[in-house]
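Peer 1: Output the structure for:
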Amino acid sequence: MVVAAGTNLETSQCPSSGAGGSTDCFAAFLALHLTPASSAYLEGTWVWLADHDLDGDGTSQLSLYSGRGILSESSGPVWFIGTAEHHVLYQYNIVNAKNHYMGLIQTETPYFQPSPAAPAPFSTNSSFKDPTFTTSITSAWGLKVSSSTDIIVFGAGLYSFFSNYDQACITPATCQTQIVDIDSSSSVSIYSLSTVATTYQLSVNEVGIVNQNANLNGFASTLTAWSP
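Peer 2: Just a heads-up that it's a prediction; the model follows:
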C-alpha cells in the first residue's frame with residue numbers, strides 16, 4: 001500500500017528510520033468500526049495503512065502509525081472477504097460479536113515493531129475494547145477474538161516479515177511470538193491458517209498452543225483446521 005503526495009506522510013516527513021517521530025506521522029486512530037447493531041458485507045476491502053511512498057521512488061518504506069485496524073462488535077451477519085494491514089494494536093479485533101464469516105483475510109504486522117513495542121506510540125483505550133499488552137506481546141495481533149460466538153475463518157494469511165525492518169527473524173520464525181488469539185469464552189472455527197515468521201500460529205488466552213514448526217508448508221506454516 002502506498003501513500004500519495006500532499007499527505008505530509010511521505011518519506012521526507014516519516015522515513016523508515018523513525019526520524020519523523022510519531023506525532024507528525026499519525027495516520028489514523030481506528031480504521032473501521034462495526035458497532036453492535038450493524039451488519040456488513042465487505043469484499044476485497046483493503047483496510048490498510050500505507051508502508052511505501054508512491055510519489056517518491058515508489059519503493060521507499062515509511063514509518064506511519066495507525067492505532068487500530070478493524071474492530072467489530074456486530075451481532076451479525078458480517079462477511080469479511082479482504083484484508084487489513086500495518087496497524088499498531090491489531091488488524092482484526094472481534095469483541096462481543098456473533099455470526100461472522102471471515103474469508104481469505106490477509107494481514108501484515110507493522111515493519112517497525114517491536115521498536116516501539118505495541119501499543120506504542122498509542123495508549124490502550126478500554127472504550128474501544130482495546131486488548132492489553134504485556135511485556136511478552138510486543139507486536140500487533142493479526143486476529144484477536146474475545147467473548148464472541150459463531151465466528152468462521154475460512155482461509156487466512158497472517159504475516160510478520162520484519163523485526164524493526166530486519167528480516168533475519170524470518171528463518172527462525174521469531175519476527176513475533178503470537179499472532180492469533182482466541183479467548184476461552186469464544187466459539188471459533190478456523191480453516192487453512194497460514195502464518196509467516198511467527199513462533200506460535202494460534203494462542204488461547206494469549207498462551208501459544210500451536211507452534212509453527214509442526215506445520216511447515218514451504219515459505220509459510222499452515223494449520224489445516226482448528227476449533228476449541
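
Peer 1: Could you confirm residue 81 falls within a strand?
Peer 2: Yes: Residue 81 sits within a strand when classified using DSSP: H, G, I helix; E, B strand; the rest coil.

Peer 1: Now do the contacts for it.
Peer 2: 42, 43, 44, 45, 103, 104, 105 (C-beta atoms under 8 Å, 6 or more residues apart in numbering). (Each C-beta comes from the backbone N, C-alpha and C, glycine too.)

Peer 1: one more time with 10 Å, if that's ok
Peer 2: Neighbour list for residue 81: 41, 42, 43, 44, 45, 101, 102, 103, 104, 105, 154, 155 [criterion: C-beta atoms under 10 Å, 6 or more residues apart in numbering].

Peer 1: What is the burial count for residue 224?
Peer 2: Look at residue 224: counted by other C-beta atoms under 10 Å, it has 10 neighbours.

Peer 1: got the contact list for it?
Peer 2: Contact analysis of residue 224 by C-beta under 10 Å, 6+ apart lists 190, 191, 192, 193, 215, 217.

Peer 1: Can you tell me which of those is nearest residue 88?
Peer 2: Nearest to residue 88, judged by C-beta to C-beta, of those is residue 193 at 22.2 Å.

Peer 1: wait, the closest one sits on residue 215?
Peer 2: Yes: using C-beta atoms under 10 Å, residue 193 makes contact with residue 215 at a distance of 8.9 Å.

Peer 1: So for these two, which residue has more residues nearby?
Peer 2: Between residue 193 and residue 215, counted using other C-beta under 10 Å, the more crowded position is residue 193 (26 against 17).

Peer 1: any idea what residue 24 is structurally, helix, strand or coil?
Peer 2: Put simply, residue 24 is helix when judged by three-state DSSP.

Peer 1: That one and residue 86, how far apart?
Peer 2: Distance of residue 24 to residue 86, computed by C-beta to C-beta, to the nearest Å: 18 Å.

Peer 1: Neighbour count: these two, which is higher?
Peer 2: residue 86 (26 against 11).

Peer 1: For that one, give me phi and psi.
Peer 2: Backbone torsions for residue 86, taken as degrees, to the nearest 10, come to phi 70, psi 20.

Peer 1: what bits of the protein have low per-residue confidence?
Peer 2: Counting by pLDDT under 70, the chain has low-confidence residues at 1-4.
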